[in-house]
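Chemist: Build me a model from this:
(chains A, B, C and D)
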There are 2 protein chains.
Amino acid sequence: MKNETIIDSEVTCSSSCGISKIQKIFAGKWKIMILWTLHERTMRFGELNRALGDITQSALTKQLRELEADGLVKRYVYREVPPRVEYSLTETGNNFVPLLEQINTWSLENL
Amino acid sequence: MKNETIIDSEVTCSSSCGISKIQKIFAGKWKIMILWTLHERTMRFGELNRALGDITQSALTKQLRELEADGLVKRYVYREVPPRVEYSLTETGNNFVPLLEQINTWSLENL
DNA sequence: CGGTATCCTGAACGATACTG
DNA sequence: CAGTATCGTTCAGGATACCG
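Modeler: This is a model prediction of the structure:
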């Protein structure tokens, strides 16, 4: 009746599935928290740094560059002295916010 | 009118917020993919191992133990020879599935 | 202020071998 | 089959110093 030999089934989450893609983004120690911190307002580099607490400057810079490359975060440099750089979510980043909110809620209720 | 000095505001995502709690789960290289793979059916250790592709036995064991400790995955040992162990999502784990589905969709559309 | 540039450490993960 | 036990490696992130 039923084929017992599973044909190398696509239960597998290899490369093609969304979950394995997002893994790389969430893997970063600070990335979700950066998105969460930016979810309601634009922030300057220093603010973000302070808001996150224990992250180092270099780590923050790196994670921000990666989020930028993934199209989740936007960087705007004001040509001023002293320098001023603001970070905010992109359109794509904003689309993710509702999910973050749900995740937050779930997490508080279940962890 | 408005207090310009932000009073060490609770924009901060320190410990108390759900996002920082879930970070630890997402941090594991395989955890979300394990949850995703188990999201529709119970699987044996070996099946899971194969479904995930490149993970090693020892790594899988470790990640499963951690997911168990976090109450997301259930482990059932059949007292048989040869041994047989089945893994499935707990109630809590199942509650997370709808979010996983949304995340998957979002990921496919945005990454 | 908002970065780079180095250097370095720890933990996570992989590889491999062995076992009830 | 489903592990455990070791060992080795990689590399993300921390620490620190310096710069436009």
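
Chemist: need the strands for chain A, in chain order.
Modeler: Secondary structure of chain A (DSSP state E): strands at A:43-44, A:73-78, A:84-89.

Chemist: what residues does chain A put near DNA strand C?
Modeler: For chain A, the residues in contact with DNA strand C (Cβ under 7 Å from any atom of the strand) are A:44-47, A:57-58, A:61, A:64-65, A:75, A:82-85. Backbone N, C-alpha and C define where each C-beta goes, glycine included.

Chemist: follow-up on the earlier one: right, and the strands of chain A - which one's nearest DNA strand D?
Modeler: With Cβ to the nearest atom of the strand, the closest approach to DNA strand D among the strands of chain A belongs to strand A:84-89: 9.8 Å.

Chemist: okay, the helix or strand of chain A with the lowest mean pLDDT in PDB with CA atoms only?
Modeler: None of the helices or strands of chain A scores lower by mean pLDDT, DSSP states H and E than helix A:18-27, at a mean of 92. Coordinates of each C-alpha in helix A:18-27 appear next as PDB, following Å, rounded to 0.1, in the frame of the first residue of the first chain:
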ATOM      1  CA  GLY A  18      13.500  29.300   4.800                       C
ATOM      2  CA  ILE A  19      14.400  28.000   8.200                       C
ATOM      3  CA  SER A  20      17.900  27.100   7.200                       C
ATOM      4  CA  LYS A  21      18.300  30.500   5.700                       C
ATOM      5  CA  ILE A  22      17.200  32.400   8.800                       C
ATOM      6  CA  GLN A  23      19.500  30.300  10.900                       C
ATOM      7  CA  LYS A  24      22.500  32.200   9.700                       C
ATOM      8  CA  ILE A  25      20.900  35.500  10.700                       C
ATOM      9  CA  PHE A  26      19.700  34.400  14.100                       C
ATOM     10  CA  ALA A  27      23.000  32.600  14.800                       C
END
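
Chemist: What residues sit buried inside it?
Modeler: A:18, A:19, A:20, A:21, A:22, A:23, A:25, A:26 (16 or more other Cβ atoms under 10 Å in any protein chain shown).

Chemist: what about the residue of chain A at minimum distance from DNA strand C, neighbour count?
Modeler: Across chain A, the shortest distance to DNA strand C (Cβ to the nearest atom of the strand) belongs to residue A:46, at 2.9 Å. Number of residues near residue A:46 (other Cβ atoms under 10 Å in any protein chain shown) recorded here: 12.
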